[in-house]
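Participant: Here is the input, now give the coordinates:
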Amino acid sequence: METLKKHYGKILCMILLYYTIYAGFDGKVPRQPILNETVRNLYFHVTMWFSMIFLLGTSVYHSIKYLRSGDVQADLKSYSYVETGLVFALMGLVTGSFWAKFTWGDWWTNDPKLNSVAVGLLIYLAYLLVRSSLPEEQQKARVSSVYNIFAFVVFMVLIWILPRMTDSLHPGNGGNPGFNSMDLDNRMRMVFYPAIIGWTLLGFWIAGLRIRIKQLDQQIEENN
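Facilitator: Purely as a prediction, here's the structure:
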């Protein structure tokens, strides 16, 4: 029973993702011009981006914690959450590219939000380069923690604020209406919100595994 309690989150994650994938491919969705069946990608593309934001936000929390306490474990956790967040960012890009191909006619369009995402990901790739280029552990942790906070703030501005200030193909940006009651009906909400929870749980599950691997590596290095 105790073992089962420890895995409640993982079990819930698997149930929600199974439900999401099944409903995403076989569930009923509203028929809308242009979007048609591609609206199913809402359960994947958008929800993966939500998971990415939660993961990157958690990494910022641990970066701040490191800067305040100097706890090496906080830096390790921050790094792991960034790594996992970038995985979900790439999955969001891939699913978004498929969506763009079937609705806008191209894998990548000159859209402000797409370009802002690309710039934001380059900023985070620079974070990884910063960590790999600094040999001294304390300096690496301190510099990367400060950089991570800066990167998150800039990324949020790039994907949430700037696209709303100009023309954009994305719903809810550049004067385009967001998903309303006609697009996201009650049937889709019954999948969309659990999908956010499911993908987020998966992200934190993966990040937790990354943290445990890094901790084991640290223990091996200390013992040697």
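Participant: Return the list of helices and strands in contact with the longest helix seen in the chain.
Facilitator: In the chain, ranked by residue count with DSSP state H as the criterion, the top helix is helix 186-223. Other elements packing on helix 186-223 under the criterion 3 or more C-beta pairs under 8 Å, 6 or more residues apart in numbering; DSSP states H and E are helix 8-26, helix 45-69, helix 72-103. Quick note: C-beta positions are derived from backbone N, CA and C, even for glycine.
Participant: Which one of those lies nearest to G198?
Facilitator: Proximity to G198, assessed across these by C-beta to C-beta, is greatest for helix 8-26 (3.1 Å).
Participant: Next one: the closest residue to I211 other than its chain neighbours from V146, what distance?
Facilitator: Leaving aside its chain neighbours, I211 sits nearest to S80 (4.7 Å; criterion: C-beta to C-beta, 6 or more residues apart in numbering). As for S80, its distance to V146 is 18 Å (criterion: C-beta to C-beta, to the nearest Å).
Participant: can I assume V72 is in contact with R142?
Facilitator: No: contact status for V72 versus R142: not in contact, 11.0 Å apart, counting by C-beta atoms under 8 Å.
Participant: circling back to that earlier point, looking at S80 and V146, which one has more neighbours?
Facilitator: S80 (24 against 15; other C-beta atoms under 10 Å).
Participant: Test my guess that that one contacts K214.
Facilitator: Yes: between S80 and K214 there is a contact at 6.3 Å, judged by C-beta under 8 Å.
Participant: my guess is I196 meets M52, correct?
Facilitator: No: judged on C-beta under 8 Å, I196 makes no contact with M52 at a distance of 11.3 Å.
Participant: Which of those two has more residues huddled nearby?
Facilitator: Of the pair I196 and M52, M52 is the one with more neighbours under other C-beta under 10 Å, namely 24 against 20.
Participant: Tally up the residues packed near the closest residue to the more buried one other than its chain neighbours, please.
Facilitator: Excluding the flanking residues, the one nearest M52 by C-beta to C-beta, 6+ apart is F88, at 4.1 Å. Neighbours of F88 under the rule other C-beta under 10 Å: 24.
Participant: Can you tell me the closest non-neighbouring residue to K65?
Facilitator: Take K65 and drop its neighbours on the chain: the residue closest to it by C-beta to C-beta, 6+ apart is A74, 4.2 Å away.
Participant: So the one you found versus S133, what's the distance?
Facilitator: From A74 across to S133, the span is 21 Å (C-beta to C-beta).
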